[in-house]
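Enquirer: Any chance you could fold what I've pasted below:
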Amino acid sequence: MINVLFVCLGNICRSPMAEAVFRDLLKKENLSNKITVDSAATSSWHIGSPPHKGTLGILKKYNISSEGLVGRQLTKDDFEKFDYIIGMDESNTRNIYEITGKPKHPKIIRLLDLTEHKKDVPDPYYTGDFQETYQLVLEGCRALLERILAEN
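Expert: Have a look, this model is predicted:
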């Protein structure tokens, strides 16, 4: 079993969106029994909270399930549990390095580094643009799935 973890600042916008999108891709490719997915925050602000209404709205728009999405905080133990730890932006990635104690480890990846964009996924909590975030997350998730299939 391959385990994937998406991480953002609060685990209410980008990372739960990525978790749901990736889970949907896995379902469509009949890979749900081979790859698991979860999401977490680098902060403790939204532990136990559901995703932001904007994230829920965009998932509903694209008929993607939001079932089981609940905010949680990244732990040092997550490094051992997950094969791929995906940060949504450079700040998240640095925080993942710090929390896990594994600076620059190859299993820790900024999502859009897997695409031609090579930039941060903007946080729609601040930008309000959940559609842009969705498009970038979808592209990054597709690229991540291609990488996982190529490596495994």
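Enquirer: Okay, helices next: where are they in the protein?
Expert: With helices called from DSSP state H, the chain shows them at 14-28, 53-61, 78-81, 90-100, 124-127, 130-151.
Enquirer: Could you check how far the third one is from the centre of its chain?
Expert: I take that to be helix 78-81. Centroid displacement of helix 78-81 relative to its chain, using Cα atoms, centre = their mean, to the nearest Å, is 15 Å.
Enquirer: go on, the fifth one?
Expert: Here the centre of helix 124-127 is set off from its chain's centre by 16 Å, with Cα atoms, centre = their mean.
Enquirer: quick one, which of the helices of the chain is nearest to residue 114?
Expert: Between residue 114 and the helices of the chain, the shortest gap by Cβ to Cβ is with helix 130-151, which sits at 3.9 Å. All C-beta spots, glycine's among them, are computed from the backbone N, C-alpha and C.
Enquirer: The helices of the chain: which one's closest to residue 1?
Expert: For residue 1, the closest of the helices of the chain is helix 78-81, at 10.7 Å, according to Cβ to Cβ.
Enquirer: Pull out the buried positions in that closest one.
Expert: Of the residues in helix 78-81, 78-79 count as buried by neighbour count, 16 or more other Cβ atoms under 10 Å.
Enquirer: What is that helix packed up against?
Expert: Packing partners of helix 78-81 (3 or more Cβ pairs under 8 Å, 6 or more residues apart in numbering; DSSP states H and E): strand 2-8.
Enquirer: switch to 10 Å and redo it
Expert: strand 2-8, strand 35-41, helix 90-100 (3 or more Cβ pairs under 10 Å, 6 or more residues apart in numbering; DSSP states H and E).
Enquirer: mind putting the ones you listed in CSV, mean neighbour count, distance to residue 60 and mean pLDDT included?
Expert: Shown next, in CSV, are the helices and strands packed on helix 78-81 (neighbours: other Cβ atoms under 10 Å; distance: least, Cβ to Cβ, whole Å; pLDDT from 0 to 100):
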stretch, mean neighbour count, distance to residue 60, mean pLDDT
strand 2-8, 24, 19, 98
strand 35-41, 22, 18, 98
helix 90-100, 18, 25, 96
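Enquirer: Just put those in CSV and tack on distance to residue 123.
Expert: As requested, the helices and strands packed on helix 78-81 are arranged in CSV below (distance: least, Cβ to Cβ, whole Å):
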stretch, distance to residue 123
strand 2-8, 7
strand 35-41, 12
helix 90-100, 9
